[in-house]
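Asks: predicted model follows, preceded by the sequence.
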2 protein chains.
Amino acid sequence: MREGPDISRLAALIGDPGRAAMLVALMGGQALTAAELAAEAGVTAPTASGHLARLSDAGLLTVRKQGRHKYFALASAEVAAVVEGLMGLADSHGLTRTRPGPRDEGMREARVCYNHLAGRRGVQMYDSLAARGLLEVGAEGLVLSQAGRVFAGGLGVDVGALETARTPVCRECLDWSERRSHLAGSLGRAIFARMERGGWIRRDGESRAVVFSRSGLGEFEAAFPV
Amino acid sequence: MREGPDISRLAALIGDPGRAAMLVALMGGQALTAAELAAEAGVTAPTASGHLARLSDAGLLTVRKQGRHKYFALASAEVAAVVEGLMGLADSHGLTRTRPGPRDEGMREARVCYNHLAGRRGVQMYDSLAARGLLEVGAEGLVLSQAGRVFAGGLGVDVGALETARTPVCRECLDWSERRSHLAGSLGRAIFARMERGGWIRRDGESRAVVFSRSGLGEFEAAFPV
DNA sequence: CGGATGCTTTGGCTAGGACCGAAGCATGAG
DNA sequence: CTCATGCTTCGGTCCTAGCCAAAGCATCCG
């Protein structure tokens, strides 16, 4: 009642089932329209409109108007990290939705987390990079070592370009299904994009799950050995 | 609305101002009693009781019953991480509150906990006894070793008499200022009484603070070296 | 044994906010 | 221009959940 930022307003915002569903839907990283999010939340357009206005006002979402459509997306990686953290807590306390289908298993194997790779494969990548000293923990958090820069260059990722931007290159993100860190930040995003471009992976149309191609899995294992 | 863990229940739990205040208060790492948390949240005892039950049921808090008090603490580092993440988000959108002042320093140094010594001095005593093997952790909890019995006898405490009573001789008690264990049980009470009788300490009038005399502090340091 | 203290349960009150239908604005299509 | 589509505002209903007082247990004290 007397110190620190006011958590409760923000948490209450996420605490509505409809708004939470919208946020989770946006964890896929793609921007969605108001109507799509209304369907996702299972409410009518007016209700969704109110929800989306409140989420935007609170700074959780960014809006982009395009013609008569309005596209919403998560405002930042921090927002995604909090949502992922909540998923982890909910998962560990048996609050999962009663729907442990095959899609759920696929999600645990590999999925999109905002704009980077998560799940067992995401954690594998992180561990592999860390074990080989390509990723190091510095005073300011996670940093790419010199060897790591070379490695990323070999993958076709221009680290220099990433470093000129204001957003952090390397960040940890807590994986809700593995309960361990995976790689986020602009580097995580770039590597994910590179894997998608290279045909290593493709995204499942209806969920956040990510499916590896046969050859893609081989390349992934070669690039990020356990 | 169709995938992953159910975030909204958890977020709604944190989304109440009272419960959020409790969680923030517990971010310091100390365990707090129900009454203290009620004050922190600015609600009456019945209301707080309901909140705390819900937080515990959801796995966000752990409970430790001690006499007629109930100590609550954050359940895990994951919970703390989520709260911290929410604080970060709230802070970045300018929703901070005022800072608190420092608390009674004397209480942190030494105080009465029911009938035994608590605070830095209480923890020092506990650590000293444990480090010298006078206090050991057995299957049934804390026990006094044979050497410990001799030591207690030297202090003038009749351990044999304590052991005939029904109440446990040695118990751990969670120290709220140090957030570590100190010695409770009938032995803790007996040692405290002996220190009071011997003029090592005297109790401050209205508060729970305990003040060491000059000579008493010397004897204490000799009996319970760091 | 009372009497005091800390926590919980119960009951009843109330406010906040989630929801929808209908009407109101924009923008784009024909 | 007129119509259709996408989103927002308004008005009203309904239900959840927070809140407290009072009574009920449990524990400790003298």
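Replies: Perfect, thanks for sending it.

Asks: which ones are touching residue A:49?
Replies: A:34, A:38 (CB atoms under 8 Å, 6 or more residues apart in numbering or on different chains). Placement of C-beta: from N, CA and C, glycine included.

Asks: pretty sure residue A:107 sits against residue A:211.
Replies: No: assessed by CB atoms under 8 Å, residue A:107 is found out of contact with residue A:211, at 10.9 Å.

Asks: mind checking which of the two has more residues around it?
Replies: More neighbours surround residue A:107 than the other of residue A:107 and residue A:211, with 22 against 14 (other CB atoms under 10 Å in any protein chain shown).

Asks: how about the nearest residue to that one, chain neighbours excluded?
Replies: residue A:209 (4.9 Å; CB to CB, 6 or more residues apart in numbering or on different chains).

Asks: same deal with residue A:180?
Replies: residue A:123 (5.2 Å).

Asks: which parts of the host helix or strand of that neighbour are buried?
Replies: Using DSSP states H and E, residue A:123 maps to helix A:120-131. By neighbour count on 16 or more other CB atoms under 10 Å in any protein chain shown, the buried set for helix A:120-131 is A:120-130.

Asks: now for that helix, which elements pack on it?
Replies: helix A:102-109, strand A:135-138, strand A:181-184 (3 or more CB pairs under 8 Å, 6 or more residues apart in numbering or on different chains; DSSP states H and E).

Asks: show me the contacts for the residue nearest to residue A:180.
Replies: A:175, A:178, A:180-182.

Asks: rerun at 10 Å
Replies: Contact analysis of residue A:123 by CB atoms under 10 Å, 6 or more residues apart in numbering or on different chains lists A:117, A:175, A:177-183.

Asks: of these, which is the most crowded?
Replies: Going by other CB under 10 Å, residue A:117 tops those with 29 neighbours.

Asks: for that one, which three-state class applies?
Replies: In the three-state summary, residue A:117 is assigned as strand, counting by DSSP: H, G, I helix; E, B strand; the rest coil.

Asks: quick check: residues of chain A near DNA strand D?
Replies: Within reach of DNA strand D by CB under 7 Å from any atom of the strand, chain A has these residues: A:33-35, A:45-46, A:48-50, A:52-53, A:68-70.

Asks: please pick the buried ones from those residues.
Replies: A:34, A:48-49, A:52, A:70.

Asks: strands - which of the residues you listed land there?
Replies: residue A:70 (DSSP state E).

Asks: can you tell me which of the buried ones among the residues of chain A next to DNA strand D lies closest to chain B?
Replies: Ranked by distance to chain B (CB to the nearest CB), these are led by residue A:48 at 11.9 Å.

Asks: contacts only, for that closest one.
Replies: Residue A:48 touches A:18-19, A:22, A:34-42, A:72, counting by CB under 10 Å, 6+ apart.

Asks: could you dump the contacts of residue A:123 into JSON lines with pLDDT added?
Replies: Output for the contacts of residue A:123, formatted as JSON lines (pLDDT from 0 to 100):
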{"residue": "A:117", "pLDDT": "92"}
{"residue": "A:175", "pLDDT": "75"}
{"residue": "A:177", "pLDDT": "78"}
{"residue": "A:178", "pLDDT": "74"}
{"residue": "A:179", "pLDDT": "63"}
{"residue": "A:180", "pLDDT": "72"}
{"residue": "A:181", "pLDDT": "76"}
{"residue": "A:182", "pLDDT": "85"}
{"residue": "A:183", "pLDDT": "89"}
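
Asks: could I get those as JSON lines with distance to DNA strand C?
Replies: Below are the contacts of residue A:123 laid out as JSON lines (distance: CB to the nearest atom of the strand, whole Å):
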{"residue": "A:117", "distance to DNA strand C": "32"}
{"residue": "A:175", "distance to DNA strand C": "29"}
{"residue": "A:177", "distance to DNA strand C": "27"}
{"residue": "A:178", "distance to DNA strand C": "31"}
{"residue": "A:179", "distance to DNA strand C": "29"}
{"residue": "A:180", "distance to DNA strand C": "33"}
{"residue": "A:181", "distance to DNA strand C": "33"}
{"residue": "A:182", "distance to DNA strand C": "32"}
{"residue": "A:183", "distance to DNA strand C": "35"}
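
Asks: so chain A: which segments form each domain?
Replies: Using automatic domain parsing, the domains assigned to chain A come out as A:7-75, A:79-223.

Asks: wait, which of the ones you listed is closest to residue B:82?
Replies: domain A:79-223 (4.4 Å; CB to CB).

Asks: that closest one: how far from the chain's middle?
Replies: 8 Å (CA atoms, centre = their mean, to the nearest Å).

Asks: these two touch, right, residue A:90 and residue B:12?
Replies: No: with contact defined as CB atoms under 10 Å, residue A:90 does not count as touching residue B:12 (11.4 Å).

Asks: who has more neighbours, these two?
Replies: residue A:90 (24 against 18).

Asks: in space, what's closest to the more buried one - neighbours in sequence excluded?
Replies: residue B:5 (3.7 Å).

Asks: hang on, the one you found packs against residue A:88?
Replies: Yes: look at residue B:5 against residue A:88 with CB under 10 Å: they come within range, at 7.8 Å.

Asks: circling back to that earlier point, which neighbours do residue A:90 and residue B:12 have in common?
Replies: residue A:20.
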